[in-house]
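K.L.:
Quick one: sequence and predicted model below, then my questions.
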Amino acid sequence: MDVWENAENSDITKDNERVAFLTSSKRNTWADAYNELAKHKGNEANLKTIADSLLIMCLDEETQNPSDTQRSMKDMFRQMLTGNGSRFNGSNRWYDKTVQLVVC
């Protein structure tokens, strides 16, 4: 099964179970959480894969009507930078990575 098909067929992960949220925490909080997660072998491999990657791909659901001609550049920038917050796509941003490719 490819990544896209897997994402489409997977159950939705609860917001409080999304590791990416932790990357927006205070630095020491994220460091403690990272170390705790890395104690588990499967997590350690996944965290290493993320750390070694060149970029992160964020698959966003559109939060506004894309045909809205009045949509401001500010709204589009907020979507790209933060995913429009935790109520929308903010939990799929990995703030430790400099490059994030956002697909809406």
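P.N.:
Sure thing, it's come through.
K.L.:
Nearest to the spatial middle of this structure, which residue is it?
P.N.:
Asn92 (1.7 Å; CA atoms, centre = their mean).
K.L.:
Pull the number of nearby residues for the nearest residue in space to that residue that is not next to it in sequence.
P.N.:
Beyond its immediate neighbours in the sequence, the residue positioned closest to Asn92 (CB to CB, 6 or more residues apart in numbering) is Cys58, lying 4.8 Å away. C-beta here means a position set from N, CA and C on the backbone, and glycine is covered the same way. Other residues near Cys58 number 20, with proximity taken as other CB atoms under 10 Å.
K.L.:
Would you check that Cys58 makes contact with Leu101?
P.N.:
Yes - Cys58 lies in contact with Leu101 (CB atoms under 8 Å); the separation is 6.9 Å.
K.L.:
Give me the residues contacting the helix or strand where Asn46 lies.
P.N.:
Asn46 is part of helix 41-52 when elements are defined by DSSP states H and E. Helix 41-52 has contacts (CB atoms under 8 Å, 6 or more residues apart in numbering) with 34, 37-38, 56, 94, 96-97.
K.L.:
cutoff 6 Å now
P.N.:
Outside of helix 41-52, the residues within contact range by CB atoms under 6 Å, 6 or more residues apart in numbering are 37-38.
K.L.:
Could you give the separation of it from the chain centroid?
P.N.:
Relative to its parent chain, helix 41-52 has a centroid offset of 15 Å by CA atoms, centre = their mean, to the nearest Å.
K.L.:
ditto for stretch 40-54
P.N.:
For stretch 40-54 - counting by CA atoms, centre = their mean - the centre lies 15 Å from the chain centre.
K.L.:
Now do the buried residues in it.
P.N.:
Applying a neighbour-count criterion of 16 or more other CB atoms under 10 Å, stretch 40-54 contains no buried positions.
K.L.:
next one: stretch 83-103
P.N.:
Using 16+ other CB under 10 Å as the burial criterion, the residues of stretch 83-103 that qualify are 83-84, 88-95, 97, 100, 102.
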